[in-house]
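>>> For reference, the sequence and a predicted model appear below.
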Amino acid sequence: MDTDFFQQVYAVVRLIPKGRVTSYGAIARYLGAAKSSRMVGWAMNASHGLPDVPAHRVVNRIGMLSGKAHFANPFEMQRLLELEGVQVKEDQIVEFHQRFWDPQLELN
DNA sequence: CCATTGACTTAAG
DNA sequence: CCTTAAGCCAATG
């Protein structure tokens, strides 16, 4: 389980800076599985109960809160984001292009 | 074992 | 940005 794909996803998600967000595809690309963005989503689905995996900082490529329905309640994801200073309007992250954090570029 | 599903992405129109 | 279509692959039925 050490080099599990899921574990790698969690490792990257934990590195997302507060107030920044990234996409499933960006994470998948960073892990060398560019075409497996869906599996990143699966990993997040399994991340429930893990101590510090900020799943709310991971959205789809246009900054929409596609995973909000999978939280305890659909408002939790938006609430957590706004708590970190990320503004959300109509289930979409405001100024998404600015807020976007690409592990491939920023983590290096 | 085959079929369907899905917290996705890209390309084309 | 919307729609349609196709690719992707683990999990589930």
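On my side now, so go ahead. Predicted model only: the values in this text are computed from it and were never measured.

>>> Any idea what the most centrally placed residue in chain A is bridged to?
By Cα atoms, centre = their mean, chain A has its centre lying nearest to A:V58, at 1.5 Å. Following DSSP bridges, A:V58 is listed with bridge partners A:T22.

>>> what residues are up against it?
Contact partners of A:V58, counting by Cβ atoms under 8 Å, 6 or more residues apart in numbering, are A:V13, A:I16, A:V21, A:T22, A:S23, A:Y24, A:I27, A:V40, A:M44, A:G67. From N, CA and C alone the C-beta is placed, and that goes for glycine too.

>>> Apply 10 Å and report the result again.
By Cβ atoms under 10 Å, 6 or more residues apart in numbering, the contact list for A:V58 reads A:9, A:12-13, A:16, A:21-24, A:26-27, A:40-41, A:43-44, A:47, A:65-67, A:77.

>>> Next: A:Q104.
Counted by Cβ under 10 Å, 6+ apart, A:Q104 has contacts A:T22, A:A26, A:I27, A:R29, A:Y30, A:L31.

>>> wait, isn't the fifth one in contact with A:S36?
The reference is to A:Y30. No. If you go by Cβ atoms under 10 Å, A:Y30 and A:S36 don't touch, sitting 11.6 Å apart.

>>> who in chain A is up against DNA strand B?
Proximity of chain A to DNA strand B, by Cβ under 7 Å from any atom of the strand, involves residues A:23-26, A:28, A:37-42, A:44-45, A:47-48, A:55-56, A:58, A:60-61, A:66-67, A:69-71, A:77.

>>> please redo it, this time with the cut-off set to 6 Å
Counting by Cβ under 6 Å from any atom of the strand, chain A comes close to DNA strand B at A:23-25, A:37-38, A:41, A:44-45, A:47-48, A:55, A:60-61, A:66-67, A:70.
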